[in-house]
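Trainee: A structural model of the following input is requested.
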Amino acid sequence: MCKYRSGFSLAEVLVALTIGAMVLVAVLSIYSRAETSAAAITRKLDSSRLPYEVLQIIAEDLDRIVALGADTKITIENKFENGFSTARLTVLRTIDDSRNKEKTFEKIIWQGNYDNNTNSLVLYRSHSGIALEDKLLDEQKEDWEKELFVPVCDGVTFFKIQVPRGEEFQDSWTSSSLPAGIVVTISFAEPFKTLRGILDVPEDEKITRNIAVDRTRAIKFVLATKDDGNERDNVESEPNKTM
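Mentor: Presented below is the predicted three-dimensional model:
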């Protein structure tokens, strides 16, 4: 008597494979959508946090160097690079050596440069000067004069630094005197092309910070009286040394 082993027919195998493939495709599709949503949320959180962190570091650089004393100079430049608005901020503090020759004691540069790979701006920071290499001002050491630019972040689509002058804003500053403050604006939002052919981002996507440069200066306040809102008194405060 012949015994036959039970098995699956070709049709049953094909049906099983088809159903398995459909289930696998559905699972992978759900996983892909979940991963995309998680990545979008992460990018959203990073894009909202990163600009404030960058602006905070710039403010700390200004506070630390300017607070050290005189012989400090700030230079600001703005330009368009591949349609993107970008800027360069230089904070320089100098000293005079034994030969009365001016030397760079500390120098910080913030600048945005276009990157072909990401089609956006990369924000760089350079920190150089004698203060980093030689506290005793050893004349044999000259490596501190070399500037090394370190990338801080990429994906920047708007970077502008301005100096407020009343109701207007200056896009450049080369004066030997320090500005009262600067306005730094940064964004990682998707840019759009304007009628002028340059790239811009929506105003509500721009993160702006007003940074006071000389915090010990006398600040003029305008106060409205209770009786008449049109009457205002100009009050000049004493230098605020606690800020």
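
Trainee: got the contact list for the spatially most central residue of the chain?
Mentor: The centroid of the chain falls nearest to Val54 when counting by Cα atoms, centre = their mean (4.4 Å). Contacts for Val54 (Cβ atoms under 8 Å, 6 or more residues apart in numbering) come out as 123, 152-153, 186. Placement of C-beta: from N, CA and C, glycine included.

Trainee: try Ile161
Mentor: For Ile161, the contact set (Cβ under 8 Å, 6+ apart) comprises 76, 78, 87-89, 110, 182-185.

Trainee: one step back: secondary structure element for the residue nearest to the centre of the chain?
Mentor: helix 10-66 (DSSP states H and E).

Trainee: which elements pack onto the helix or strand following that helix?
Mentor: Next helix or strand after helix 10-66 toward the C-terminus (DSSP H and E): strand 72-81. Strand 72-81 makes packing contacts with helix 10-66, strand 84-96, strand 102-115, strand 158-165 when contacts are defined by 3 or more Cβ pairs under 8 Å, 6 or more residues apart in numbering; DSSP states H and E.

Trainee: neighbouring contacts of strand 72-81?
Mentor: Against strand 72-81 from outside (Cβ under 8 Å, 6+ apart): 62, 65-66, 85-94, 112-114, 121, 160-163, 170-174, 176, 178-179, 182, 198, 213.

Trainee: would you mark the buried spots in it?
Mentor: Across strand 72-81, burial judged by 16 or more other Cβ atoms under 10 Å covers 72-74, 76, 78.

Trainee: redo those residues as a markdown table? Include pLDDT.
Mentor: Shown next, in a markdown table, are the buried residues of strand 72-81 (pLDDT from 0 to 100):
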| residue | pLDDT |
| --- | --- |
| Thr72 | 89 |
| Lys73 | 91 |
| Ile74 | 94 |
| Ile76 | 96 |
| Asn78 | 97 |
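
Trainee: need those residues in TSV (columns: distance to Ile30).
Mentor: TSV is the format used below for the buried residues of strand 72-81 (distance: Cβ to Cβ, whole Å):
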residue	distance to Ile30
Thr72	58
Lys73	58
Ile74	54
Ile76	51
Asn78	47
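
Trainee: nearest to Met22 among the residues you listed?
Mentor: Nearest to Met22 among the buried residues of strand 72-81: Asn78, at 56.6 Å, using Cβ to Cβ.

Trainee: just list whatever residues bridge to that closest one.
Mentor: Taking DSSP bridges as the rule, Asn78 bridges to Ala87.

Trainee: what's opposite the spatially closest residue to Pro164 that is not a sequence neighbour in the beta bridge?
Mentor: Leaving aside its sequence neighbours, Pro164 sits nearest to Val183 (Cβ to Cβ, 6 or more residues apart in numbering; 5.9 Å). For Val183, the beta-bridge partners are Gln162, Asn210 (DSSP bridges).
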